[in-house]
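Engineer: 3D, please:
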Amino acid sequence: MLTVTLPDGSTKPFESAVTCREVAEAIGPGLAKAAIAAEVDGKPRDLAYRLPAEGEASVRFFTKRDPEALGIMRHSCAHVMAQAVMRLFDGVQLAFGPTTASGFYYDMVTPRPISEEDFPKIEAEMKKIVKEDLEFERLEKPRDESLALCEELGQRFKVEHVQTGLGDEGELSFYRQGEFVDLCRGVHIPSTAHIGKAFKLLSVAGAYWKGDASRDQLQRLYATAFFDKKELADHLAQIEEAKKRDHRVLGKQLELFTIDQKAGSGMILWLPKGAVVRQTLEAMIRDELKERGYETVYTPHVGRVELYETSGHFPYYRESQFPVLCEHSAGQLVDTLVDRLRAGDITEAEEQKLFEAAQLLGCDADLTSAETPAERAAALDRWAHQHERYLLKPMNCPHHVMIYKAKPRSYRDLPVRLAEFGTVYRYEQSGELSGMTRVRGFTQDDAHLFCTPEQVPAEFRGCLEMTQKVLQSLGMRDYRVRLGFRDPDSTKYVGGEELWDQAEAQLREVCESMDLPDLSIEPGEAAFYGPKADFVVTDCIGREWQLGTVQLDYNLPSEARFALEYVGADNKPHRPVMIHRAPLGSLERFVGVLIEHFAGAFPLWLAPVQARVLTVSEKSEEYGREVEAKLREAGLRVEGDYRGSKLGAKIREGQLELIPYLVVVGEADRDAGTVALRDRLEGDLGACTVAEAIERLTTEVAEKRVRQVAEGTSVDLSGKAAGNEY
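Structural biologist: The predicted model follows:
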């Protein structure tokens, strides 16, 4: 006998093994028609999944109303898109086709490049496949049969992935709809007809096989799909609105920042106006730091590799770090050889060539007694540690730890709050770089707090409150807080289970006591050293951005890492707790988000140019310069336009440059000691004295008013993508 427990707590008995579809049919024809997938004992399953003949099973069905359903349908649509491309082009080689937060893509190689001109015929073929109502059939095969099937299909990327990336998998799954068969983890909808008509191809871009620039170049075909045509229309409208707000375009138009390949990909060059925005944000944070008892520190842009080995950042984040800088000329070769030996992706011939090259450069490591790759890697690593090696700083926290350790600490000294606008470097893949929001060098408004265990709740709360205050100052009130906890089944985390349980319990208690908006717990989202609270902000057109973060860390202070101590009231050594926090996160990313959130129209207190004096004619230039000087003396960022151009043209230019206030002066104003004030939002405000104009502007700046965020079409993109790719 099988007993199925449903979400409402009710149970249904079955005398033999049944599929999820048969369970839905037993509940009722309405559910059987609406269901597109199921969750069995917490795991997503196809409706064709067969439950055991005996025992108990918890079953929940996904319909179009459930957010999980959207990701499942989109992944099925990705398969349909790939099938359509293969019907239209011969010899297509498929790579991966996962879902994303707002749609899906498929990487592939085609006989000729696909262009946007091909989109209509691909979409037309997709519509035919949807109309054919092809069943998604799951095929499970042993690894050797899976490899043979991929070879039979002629899909060389799939063959390689089965041989290497899935080398530990004993059994693999495929999905077939009609003539199309694809290696896939699943889950999928019952048939292509469930996709409907609300799908759209969006763009095509370049990509590399497994993100490696030295491997095959692929085409990445982006698309999206919804259950409802209106949702699709809203999404497409949002995309058009996002294009208007693209910070890369506005940043150039408003002279905020530039990126030059000669200076380096992913390296932001802040132009004077952009620097004003950054400095203003930094000043706001510095005021908060002073008020909350932080101490400012400065640390170098590089650090010894051993420092990051102790912290665990190296080699944990090695793939996203710049190459090691070595004192010895053979150091870089040795470092590469050690890494490849430990990864097991080097042949004996390649190893011999690399080692001989390292010897030519002066490496005298003795490998005579090292028989295995692991032993040779260890011997080479010992040689490397005899020479100085540095990394471009990937994190600020190890440096702050060393500042804490610079002198003995007493419990009376704690909490110690160290803050720095520290620049760090991450080697992002070139295909992932995107303006200011994905860069290789960025500055964090970083701070690290060292406190007693008893001080953790108050200090963590203070960090959360500071982040809230910063976001509110920028009119960003629509956000949720995500608690990132560890995944018990993952091996990426450091530290003991007891410390993790303690840290997660403290973090949960503090956050729940604050009634934070849309508080959620997401296992697997923790930092490798501890749980965290991320502020996920929704901008005015419905897009989510992960910005501020506060993280709790029992591991870096531990004996296994930096062995931090303070002397307690009992005159004995104790271990402090560490809190990492960054209200803005990356200044580059934050400013990029702000540009798009405000569509370049910054509030007065943040605007690079707060006011511009415009003269009606050259006769009023002298008075205009007097007004400009008074505005500047009042602390306002102001400039003047004293050209002989027509006033209407000057006003139009000021509006296009999104300057908050235009101060118009003519001969009559000179005689009366007045100005005509034009507000970017309210238009012509009429005449007022210079003192009244200064009072209006300085009050608005002091209060950090955000009077309006440029509004656009919003759309709910809360549907989560499924983990559906091998």
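Engineer: Tell me where the model's unsure across the stretch 551-700 of the chain.
Structural biologist: Nowhere does the stretch 551-700 of the chain drop to pLDDT under 70.
Engineer: hmm, I was thinking of the chain
Structural biologist: 213, 709-726.
Engineer: Could you pick out the longest helix of it?
Structural biologist: Across the chain, the longest stretch assigned as helix under DSSP state H is helix 67-88.
Engineer: What pairs with the helix or strand just after that helix, parallel or antiparallel?
Structural biologist: Next helix or strand after helix 67-88 toward the C-terminus (DSSP states H and E): strand 93-94. If you go by DSSP bridges, strand 93-94 pairs up with strand 104-109 (antiparallel).
Engineer: sorry, back to before: next, the buried residues of the longest helix of the chain.
Structural biologist: 68-87 (16 or more other C-beta atoms under 10 Å). In this view, the C-beta of every residue, glycine as well, is placed from N, C-alpha and C.
Engineer: In PDB, could you pull the C-alpha coordinates for it?
Structural biologist: The C-alpha trace of helix 67-88 is given here as PDB (Å, rounded to 0.1, in the frame of the first residue of the first chain):
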ATOM      1  CA  PRO A  67       6.300  30.300  -9.500                       C
ATOM      2  CA  GLU A  68       8.200  27.000 -10.000                       C
ATOM      3  CA  ALA A  69       6.100  26.200 -13.000                       C
ATOM      4  CA  LEU A  70       7.400  29.100 -15.000                       C
ATOM      5  CA  GLY A  71      11.000  27.900 -14.900                       C
ATOM      6  CA  ILE A  72       9.900  24.300 -15.800                       C
ATOM      7  CA  MET A  73       7.900  25.600 -18.800                       C
ATOM      8  CA  ARG A  74      10.800  27.900 -19.900                       C
ATOM      9  CA  HIS A  75      13.300  25.000 -19.900                       C
ATOM     10  CA  SER A  76      10.900  23.000 -22.100                       C
ATOM     11  CA  CYS A  77      10.600  26.000 -24.400                       C
ATOM     12  CA  ALA A  78      14.400  26.000 -24.600                       C
ATOM     13  CA  HIS A  79      14.300  22.500 -25.900                       C
ATOM     14  CA  VAL A  80      11.600  23.500 -28.400                       C
ATOM     15  CA  MET A  81      13.800  26.400 -29.600                       C
ATOM     16  CA  ALA A  82      16.800  24.000 -30.100                       C
ATOM     17  CA  GLN A  83      14.500  21.600 -32.000                       C
ATOM     18  CA  ALA A  84      13.300  24.400 -34.200                       C
ATOM     19  CA  VAL A  85      16.900  25.500 -35.000                       C
ATOM     20  CA  MET A  86      17.900  21.900 -35.800                       C
ATOM     21  CA  ARG A  87      14.900  21.600 -38.200                       C
ATOM     22  CA  LEU A  88      16.000  24.800 -40.000                       C
END
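Engineer: list the helices and strands that helix packs on?
Structural biologist: Applying 3 or more C-beta pairs under 8 Å, 6 or more residues apart in numbering; DSSP states H and E, we find helix 67-88 packed against strand 37-40, strand 55-62, strand 104-109, helix 119-132, strand 171-177, strand 180-183, strand 217-225.
Engineer: Can you add distance to Lys492 and give the ones you listed back as a markdown table?
Structural biologist: Output for the helices and strands packed on helix 67-88, formatted as a markdown table (distance: least, C-beta to C-beta, whole Å):
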| stretch | distance to Lys492 |
| --- | --- |
| strand 37-40 | 25 |
| strand 55-62 | 28 |
| strand 104-109 | 25 |
| helix 119-132 | 38 |
| strand 171-177 | 24 |
| strand 180-183 | 25 |
| strand 217-225 | 27 |
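Engineer: And the residue lying closest to Lys131 once chain neighbours are set aside, how far from Lys128?
Structural biologist: Closest residue in space to Lys131, ignoring its immediate chain neighbours: Ala193 at 7.4 Å, by C-beta to C-beta, 6 or more residues apart in numbering. From Ala193 over to Lys128 the distance is 12 Å, taken as C-beta to C-beta, to the nearest Å.
Engineer: Report the central residue of this protein.
Structural biologist: Gln546 (6.2 Å; C-alpha atoms, centre = their mean).
Engineer: Now do the SS call for it.
Structural biologist: strand (DSSP: H, G, I helix; E, B strand; the rest coil).
Engineer: Contact partners for it?
Structural biologist: For Gln546, the contact set (C-beta atoms under 8 Å, 6 or more residues apart in numbering) comprises Arg482, Asp534, Phe535, Val536, Val537, Gly585.
Engineer: secondary structure element for Glu309?
Structural biologist: helix 305-311.
Engineer: Quick one: residues in contact with that helix.
Structural biologist: 314-315, 324, 385, 389-391, 394-395, 397-399, 401-402, 556, 561-562.
Engineer: Buried ones from the residues you listed, can you make that a PyMOL selection?
Structural biologist: For the buried members of the contacts of helix 305-311, the matching PyMOL selection, counting by 16+ other C-beta under 10 Å, is:
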select buried, resi 314+315+324+389+390+391+394+395+397+398+399+401+556+561+562
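Engineer: Narrow the contacts of helix 305-311 to those in helices?
Structural biologist: Phe314, Pro315, Cys397, Pro398, His399, Val401, Met402.
Engineer: and the two most separated of the residues you listed?
Structural biologist: Spanning the widest gap among the ones in helices among the contacts of helix 305-311 are Pro315 and Met402, at 20.0 Å by C-beta to C-beta.
Engineer: Quote the end-to-end distance of stretch 40-56.
Structural biologist: 10 Å (C-alpha to C-alpha, to the nearest Å).
Engineer: Report the distance from it to the chain centre.
Structural biologist: Relative to its chain's centre, stretch 40-56 lies at 34 Å (C-alpha atoms, centre = their mean, to the nearest Å).
Engineer: do the same with stretch 377-393
Structural biologist: Per C-alpha atoms, centre = their mean, the centroid offset for stretch 377-393 relative to its chain is 31 Å.
Engineer: CA-only coordinates of that stretch in CSV, if you can.
Structural biologist: Output in CSV follows, covering the C-alpha atoms of stretch 377-393 (Å, rounded to 0.1, in the frame of the first residue of the first chain):
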residue,chain,number,x,y,z
ALA,A,377,52.1,19.1,-6.7
ALA,A,378,53.0,19.2,-3.0
ALA,A,379,56.8,19.3,-3.7
LEU,A,380,56.3,22.1,-6.3
ASP,A,381,54.1,24.0,-3.8
ARG,A,382,56.8,23.8,-1.2
TRP,A,383,59.3,25.3,-3.6
ALA,A,384,56.8,28.1,-4.5
HIS,A,385,56.4,28.9,-0.8
GLN,A,386,60.1,29.6,-0.6
HIS,A,387,59.6,32.7,-2.8
GLU,A,388,57.4,35.7,-2.4
ARG,A,389,54.1,35.5,-4.3
TYR,A,390,51.3,38.1,-4.4
LEU,A,391,47.7,38.5,-5.5
LEU,A,392,45.8,41.5,-6.6
LYS,A,393,43.6,41.9,-3.5
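Engineer: Show me what counts as buried in that stretch.
Structural biologist: Here stretch 377-393 shows Ala377, Ala379, Leu380, Asp381, Trp383, Ala384, Arg389, Tyr390, Leu391, Leu392, Lys393 as buried, counting by 16+ other C-beta under 10 Å.
Engineer: Other residues contacting that stretch?
Structural biologist: Against stretch 377-393 from outside (C-beta under 8 Å, 6+ apart): 299-306, 308, 314, 321-322, 324-328, 331, 334-335, 337-338, 341-342, 363-367, 370, 399, 422-425.
Engineer: List the ones among those residues that fall in helices.
Structural biologist: Per DSSP H, those map to helices at Val305, Glu306, Tyr308, Phe314, Gly331, Val334, Asp335, Leu337, Val338, Leu341, Arg342, His399.
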